[in-house]
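>>> Sharing a model prediction with you, sequence too.
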Amino acid sequence: MKSGLIPPAKGDPKHNPEYEGIDTFEAMAQKGLWIIDRVVQEELKGGVDLSSNSWYIPKK
């Protein structure tokens, strides 16, 4: 049975040839944060406050 996980690409620094198709929790968490950052910035026209380590989303 296949899982829904997408294995890291061979050029990805998290790619581990010993565990083909298995990602690490840390790598998945980092990818999730990148996705959230993009959505907040591009779709919601918000931003990331690095000093407080938080996202901000403008009221409409």
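Happy to help now that I have it. The model shown is predicted, which means the values in this text are computed figures rather than measured ones.
>>> Now do stretch 39-59, average pLDDT.
Here stretch 39-59 scores 92 as its mean pLDDT.
>>> By neighbour count, which bits of it are buried? Give me those.
When burial is assessed from 16 or more other Cβ atoms under 10 Å, stretch 39-59 yields the following buried residues: Val40. Yep, even glycine has a C-beta here, placed from its N, CA and C like the rest.
>>> Between the two ends of that stretch, how far is it?
15 Å (Cα to Cα, to the nearest Å).
>>> For that stretch, give me every contacting residue.
36-37 (Cβ atoms under 8 Å, 6 or more residues apart in numbering).
>>> Strands of the chain, start to end?
Using DSSP state E, the strands of the chain run over residues 47-49, 54-56.
>>> Make CSV out of the ones you listed and add distance to Lys31.
Output for the strands of the chain, formatted as CSV (distance: least, Cβ to Cβ, whole Å):
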stretch, distance to Lys31
strand 47-49, 16
strand 54-56, 16
